[in-house]
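*Asks:* quick one, fold the following:
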Amino acid sequence: MDNQIKRCYEEIKLPAGAETLIQKKIEERLGKPMREMKVILKPRRSILRPVLQTAAVLALIFLGMLGLKQLRNVDPTSIEPAAQPGTLEPQDTEGSAVFAQDLSYPLEKNTENNAVSYPYMIHTPSATWYLSAEDIAAQGEETFFRGLEQLLQIQEADFADARAALAPYLQEEIPPIDIFTDFSGHAEESTIYGAYYNSSRREIRLFQNWDIAAYALLHEYTHYLSMSCTDRPTSSTFFREGLAEYISNFVCENRMLRLAYRSVSEEEVDFARSCGIWDEEKDCIDPARNYLFMAEKSRDPSVIGVKYNAVSGGLITRTERINDNPSFGNVSYYELGGMFAYLVDTYGEDAVFGNWDKDLSNLQELFGKDFTGIYWDWLDWNREQREALGIDIA
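*Replies:* Just a heads-up that it's a prediction; the model follows:
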């Protein structure tokens with residue numbers, strides 16, 4: 001892994017014509033011009049973190065330039081059923097998955113109607129995993145099941161933490177969530193996102209690889225809880241994305257995210273220590289400290305001119321005008337998640353969680369100020385928190 005943390009703070013110098021080439025490659029991959037991608041790019045999920053690789057890198061170098069590694073989930077009304085990967089014949093679990101024998105939960109043969117594409121499944125108390133035959137073949141059994149086991153060992157604890165944090169606002173019984181691997185990228189959205197939650201089908205789909213899954217999974221599970229396991233589902237992007245970012249980075253330990261943060265290079269470790277976001281006890285980047293750092297760094301002059309994924313949808317270029325006149329249409333996910341943390345700290349959990357079914361038009365009524373007023377108050381709060389913790393953004 002190269003130094004993604006530092007790179008996402010620096011202005012990226014692209015060669016002449018690169019943006020046109022990138023757009024062309026995205027259009028070739030998706031089979032439609034960028035101007036028709038409005039629905040696909042409509043926000044639903046994202047997260048924290050620098051991005052990615054291959055043809056997805058070409059899209060994600062745009063989408064994730066500000067460090068959005070946990071990528072957004074998609075508007076369920078806009079998603080066509082994902083293309084079924086592969087035609088590999090299901091094999092006997094005892095004969096093929098020799099590296100799966102030490103998994104935390106037993107590997108089972110899938111007998112449902114999607115068994116050709118997903119011959120194996122795993123049941124945990126909180127989830128049913130559907131494992132793609134093509135993903136296993138592409139990664140190799142040893143790599144695939146080793147990555148899966150790393151998440152299985154900590155997934156239940158992370159999901160339980162999220163349920164506990166939101167318990168007063170959720171229904172009593174939380175059914176297991178369906179999780180599909182689609183690392184081979186057959187779903188159209190895989191060229192844009194690292195993962196998404198579809199509330200119509202109540203499922204999470206994971207793209208790219210296990211490292212990206214570790215970044216994205218708790219955020220997506222929070223979407224499941226707040227959109228499908230409550231009498232008052234989150235209805236607006238402000239509350240939906242702000243909540244998912246806040247829960248997965250400020251409230252929960254997020255062992256899965258910390259697992260990904262342990263894979264950084266020595267150079268990144270030195271950099272994280274120098275700016276005060278390294279957790280010596282856990283031996284990884286601290287998610288909450290990193291968030292305080294990155295939220296304010298989103299406004300740094302070094303990112304002026306850089307394209308990034310705005311919360312309201314689509315790609316925009318960071319400008320001085322945006323920094324001077326922030327609006328819901330142009331903030332990054334770091335800024336939105338930080339604003340959510342500020343609201344909870346200032347007004348209390350119930351005032352925020354208890355109104356998560358509201359929208360932007362209700363902010364003045366709920367908090368006595370509109371979005372812009374909340375933004376400037378958040379920025380002062382963020383600086384106070386950062387300075388008190390000794391986090392240096394210089």
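
*Asks:* what's the mean pLDDT across stretch 300-312?
*Replies:* Confidence over stretch 300-312 (mean pLDDT, whole number) is 87.

*Asks:* which parts of that stretch are buried?
*Replies:* Asp300, Val303, Val306, Lys307, Tyr308, Asn309, Ala310, Val311, Ser312 (16 or more other C-beta atoms under 10 Å). Backbone N, C-alpha and C define where each C-beta goes, glycine included.

*Asks:* how far away is the second one from Gln364?
*Replies:* Pointing back at Val303 there. Shown here: Val303 relative to Gln364, a distance of 30 Å by C-beta to C-beta, to the nearest Å.

*Asks:* same check on the fourth one?
*Replies:* Note on Lys307: its distance to Gln364, by C-beta to C-beta, is 31 Å.

*Asks:* so which elements touch the helix ranked longest in the chain?
*Replies:* Longest helix in the chain, counting residues (DSSP state H): helix 141-166. Contact analysis of helix 141-166 by 3 or more C-beta pairs under 8 Å, 6 or more residues apart in numbering; DSSP states H and E lists strand 127-131, helix 133-139, helix 210-228, helix 255-261 as its packing neighbours.

*Asks:* most packed of the ones you listed?
*Replies:* Between those, helix 210-228 has the highest mean count of neighbours, a mean of 26, where neighbours are mean count of other C-beta atoms under 10 Å.

*Asks:* export only the CA atoms of whatever helix or strand comes next after it, formatted as CSV.
*Replies:* Of the helices and strands lying after helix 210-228 in sequence (DSSP states H and E), the nearest is helix 237-246. Extracted in CSV, the C-alpha atoms of helix 237-246 (Å, rounded to 0.1, in the frame of the first residue of the first chain):
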residue,chain,number,x,y,z
THR,A,237,-29.1,12.1,3.2
PHE,A,238,-28.2,14.5,6.0
PHE,A,239,-29.3,12.1,8.8
ARG,A,240,-28.7,8.8,6.9
GLU,A,241,-25.1,9.5,6.0
GLY,A,242,-24.3,11.6,9.0
LEU,A,243,-25.5,8.8,11.3
ALA,A,244,-23.6,6.1,9.5
GLU,A,245,-20.4,8.0,9.6
TYR,A,246,-20.8,9.0,13.3
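
*Asks:* any idea where the helices of the stretch 251-394 of the chain begin and end?
*Replies:* Along the stretch 251-394 of the chain, counting by DSSP state H, counting those that start in this stretch, helices occupy 255-261, 266-275, 287-297, 320-324, 333-347, 349-353, 363-367, 371-388.

*Asks:* now render those as CSV, adding distance to Leu152.
*Replies:* Shown next, in CSV, are the helices of the stretch 251-394 of the chain (distance: least, C-beta to C-beta, whole Å):
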stretch, distance to Leu152
helix 255-261, 10
helix 266-275, 26
helix 287-297, 21
helix 320-324, 41
helix 333-347, 27
helix 349-353, 29
helix 363-367, 39
helix 371-388, 34
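
*Asks:* now, the buried residues of stretch 300-312 that are in strands?
*Replies:* Lys307, Tyr308, Asn309 (DSSP state E).

*Asks:* pretty sure Lys282 contacts Arg258?
*Replies:* Yes - with contacts defined as C-beta atoms under 8 Å, Lys282 counts as touching Arg258 at a distance of 5.9 Å.

*Asks:* for Met121, which of the helices of the stretch 251-394 of the chain is the nearest?
*Replies:* Among the helices of the stretch 251-394 of the chain, the nearest to Met121 by C-beta to C-beta is helix 255-261 (19.9 Å).

*Asks:* turn the helices of the stretch 251-394 of the chain into JSON lines, columns for mean pLDDT and distance to Phe239.
*Replies:* Converted to JSON lines, these look like this (pLDDT from 0 to 100; distance: least, C-beta to C-beta, whole Å):
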{"stretch": "helix 255-261", "mean pLDDT": "94", "distance to Phe239": "21"}
{"stretch": "helix 266-275", "mean pLDDT": "94", "distance to Phe239": "30"}
{"stretch": "helix 287-297", "mean pLDDT": "94", "distance to Phe239": "18"}
{"stretch": "helix 320-324", "mean pLDDT": "94", "distance to Phe239": "22"}
{"stretch": "helix 333-347", "mean pLDDT": "96", "distance to Phe239": "8"}
{"stretch": "helix 349-353", "mean pLDDT": "97", "distance to Phe239": "8"}
{"stretch": "helix 363-367", "mean pLDDT": "96", "distance to Phe239": "10"}
{"stretch": "helix 371-388", "mean pLDDT": "97", "distance to Phe239": "12"}
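
*Asks:* quick one: contacts of stretch 358-373?
*Replies:* With C-beta atoms under 8 Å, 6 or more residues apart in numbering as the test, stretch 358-373 has contacts from 235-236, 238-239, 325-328, 343, 347, 351, 355, 374, 377.

*Asks:* out of the buried residues of stretch 300-312, who's nearest Glu141?
*Replies:* Looking across the buried residues of stretch 300-312 and measuring by C-beta to C-beta, the closest to Glu141 is Asn309, at 34.5 Å.

*Asks:* so what pairs up with the closest one in the strands?
*Replies:* Beta-bridge partners recorded for Asn309 (DSSP bridges): Leu315.
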